[in-house]
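Chemist: Show me how the following folds:
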Amino acid sequence: MKTSVINQIKTLLGMEVKLETMKLMDGITIFEADTFETDKEVFIVTEDEQKIPVPIGEYELEDGRILVVEVEGIILEIKEVATEEEVVEETPEVEEEVEAQATPTAKKTIESVVKETFFAEIEKLTQENIELKAQIELLSKVEEVATEATELTEVKPIAFNPENTNEVEHFQYASKRPRSIMDSIIEKINN
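Modeler: A predicted model of the protein is given here:
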């Protein structure tokens, strides 16, 4: 408990934290954890030093113990090796076949899970990238519409100006001629 708190503090400060490592029976696959105890995180260390949470399952360690993982990346328990008397009770041929098959299968399972996880993450990131590009395009269109709207609001509407009057000059024909009775009658009709 105290060491995990100290390791967390060292991690936050950027200091190097020494983790325990164990190999599987195949001698190739390496597991890494703060300590190999119940409820501790455990990772698979890949060739390129990536740390991947251990998939659910049982794994036989190099020292003969069995590591049980029920939640991805969390140790449920570490079982000790069964006594030889129990092994003798079972058929030895079946156990040898199971051991021969368990080791490569565990490695293949781990490799396939690692590859599937890797490709799934790439596919997920690609999908997120496409969605983000669509959102950026949508936002750029919204910005264009917003700039057009602000340009339109800056245009002042045409308003009526009462001071601006156009005076039309009427030209009258024969304005200097003498008035007749007919002129007065037409004038009364028009008004």
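
Chemist: where exactly do the strands run in this structure?
Modeler: Along the chain, the stretches classed as strands by DSSP state E are 20-23, 30-33, 42-45, 51-53, 57-60, 66-71, 74-79.

Chemist: so which of the ones you listed comes closest to residue 162?
Modeler: In terms of C-beta to C-beta, the element of these nearest to residue 162 is strand 51-53, at 81.0 Å. In this view, the C-beta of every residue, glycine as well, is placed from N, C-alpha and C.

Chemist: Outside of the closest one itself, list whatever touches it.
Modeler: Contact with strand 51-53 is made by 32, 41-46, 72-73, 114, 117, as judged by C-beta atoms under 8 Å, 6 or more residues apart in numbering.

Chemist: ChimeraX command to pick out the buried ones of these?
Modeler: Applying 16 or more other C-beta atoms under 10 Å to the contacts of strand 51-53, the buried members can be selected in ChimeraX as follows:
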select :32,42,43,44,73
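
Chemist: Would you check that residue 20 makes contact with residue 30?
Modeler: No: using C-beta atoms under 8 Å, residue 20 is not in contact with residue 30; the gap is 10.7 Å.

Chemist: circling back to that earlier point, let me have the contacts of strand 51-53 in JSON lines, extended by distance to residue 163 and pLDDT.
Modeler: As requested, these are exported to JSON lines (distance: C-beta to C-beta, whole Å; pLDDT from 0 to 100):
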{"residue": "32", "distance to residue 163": "89", "pLDDT": "85"}
{"residue": "41", "distance to residue 163": "84", "pLDDT": "85"}
{"residue": "42", "distance to residue 163": "89", "pLDDT": "86"}
{"residue": "43", "distance to residue 163": "85", "pLDDT": "86"}
{"residue": "44", "distance to residue 163": "87", "pLDDT": "86"}
{"residue": "45", "distance to residue 163": "88", "pLDDT": "83"}
{"residue": "46", "distance to residue 163": "85", "pLDDT": "83"}
{"residue": "72", "distance to residue 163": "83", "pLDDT": "85"}
{"residue": "73", "distance to residue 163": "83", "pLDDT": "83"}
{"residue": "114", "distance to residue 163": "84", "pLDDT": "68"}
{"residue": "117", "distance to residue 163": "80", "pLDDT": "73"}
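
Chemist: ok, of the contacts of strand 51-53, which one's closest to residue 176?
Modeler: residue 117 (109.0 Å).
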